[in-house]
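Chemist: compute the structure for the input listed below.
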Amino acid sequence: MNIKQPVVANFILITMLLINACGVDTDATKPADTKSEINEFNITGGRGVVDGTQQIVVLLNTNNSEPETFFDLTWDVDSSDPYSIKAYLSEDGAAMATEDDLLFLHLECGSNTTLYGCDEIGSIKCNIHKDASGDLSDDLYLRCGNGQNLLGEDPNPTVINELVPSFPKFLFVLFEACNTAVGEKRHCASADAIEVKMIPDTLL
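Modeler: Predicted coordinates:
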């Protein structure tokens, strides 16, 4: 009498049931051609929303470390794993970024936390400040990072002088997420533009 085959079959069945009961996702990685969808994009911090517009403080006094001089970008995205995000400053507020818009953030995100600092839900802290190098430059830098020393973390800050010649200045922040496919299967999604008002820290 051969009982090995039923025993093996029962063992496989029990193993599959245990995997399902534990909630293990056997297909966790989303393929490169997964269509991108932005569930939410928001800007928080700064002086908050006033009259429907997000107030962002520009740090002119480099000794000022008030929390109001920082703002956060937060997002919730469905896309491939990994996927990429980009954020732009724009004067016209069109949903899709163009060559006239200023790219200030480009990140790769994904479930592998040893490689990426963001998963499907992510956030990053930013601020805008005057050059603190001591050369008396009037350049304004936009930096983003998640470390304690934000001003020193981003090695390639974005100079935004041309977009902010004077205060107050109204601009738009554009946000897009793209899968990692190439060619016809590459798919990007754009969030609704968020209007921001740039104000100097001298008004704090």
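Chemist: and the strands in this protein?
Modeler: Using DSSP state E, the strands of the chain run over 37-45, 48-50, 53-59, 71-78, 83-90, 102-109, 121-130, 140-145, 158-159, 169-178, 188-190, 194-200.
Chemist: redo these as a markdown table? Include mean pLDDT, distance to Lys30 and mean neighbour count.
Modeler: Heads up, the C-betas are built off the backbone N, CA and C, glycines and all. Compiled in a markdown table, these are given as follows (pLDDT from 0 to 100; distance: least, C-beta to C-beta, whole Å; neighbours: other C-beta atoms under 10 Å):
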| stretch | mean pLDDT | distance to Lys30 | mean neighbour count |
| --- | --- | --- | --- |
| strand 37-45 | 95 | 11 | 16 |
| strand 48-50 | 86 | 33 | 12 |
| strand 53-59 | 88 | 31 | 21 |
| strand 71-78 | 95 | 8 | 19 |
| strand 83-90 | 96 | 8 | 22 |
| strand 102-109 | 93 | 12 | 17 |
| strand 121-130 | 89 | 14 | 19 |
| strand 140-145 | 88 | 25 | 20 |
| strand 158-159 | 90 | 30 | 16 |
| strand 169-178 | 96 | 12 | 21 |
| strand 188-190 | 96 | 14 | 19 |
| strand 194-200 | 92 | 27 | 18 |
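Chemist: could you export the ones you listed as a markdown table, including distance to Thr29?
Modeler: Conversion of the strands of the chain to a markdown table gives the following (distance: least, C-beta to C-beta, whole Å):
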| stretch | distance to Thr29 |
| --- | --- |
| strand 37-45 | 17 |
| strand 48-50 | 37 |
| strand 53-59 | 35 |
| strand 71-78 | 14 |
| strand 83-90 | 12 |
| strand 102-109 | 14 |
| strand 121-130 | 17 |
| strand 140-145 | 27 |
| strand 158-159 | 32 |
| strand 169-178 | 17 |
| strand 188-190 | 20 |
| strand 194-200 | 31 |
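Chemist: how about those strands, which one is nearest Pro31?
Modeler: The closest of the strands of the chain to Pro31 is strand 83-90. By C-beta to C-beta, the value is 11.2 Å.
Chemist: what about Asp201, neighbour count?
Modeler: Neighbours of Asp201 under the rule other C-beta atoms under 10 Å: 18.
Chemist: per-residue pLDDT, it?
Modeler: Note on Asp201: pLDDT of 83.
Chemist: now it: how far from Thr74?
Modeler: Asp201 sits at a distance of 23 Å from Thr74 (criterion: C-beta to C-beta, to the nearest Å).
Chemist: chain neighbours aside, what residue packs nearest to Ala95?
Modeler: Ser190 (4.7 Å; C-beta to C-beta, 6 or more residues apart in numbering).
Chemist: should've said Val58
Modeler: Counting by C-beta to C-beta, 6+ apart, Val58 lies nearest to Ile128, which is 4.7 Å off, once chain neighbours are set aside.
Chemist: next one: Ile121
Modeler: Closest to Ile121 by C-beta to C-beta, 6+ apart is Asp76, at 5.0 Å.
Chemist: same question for Pro157.
Modeler: In this structure, Pro157 finds its nearest non-sequential neighbour in Tyr141, 3.9 Å apart by C-beta to C-beta, 6+ apart.
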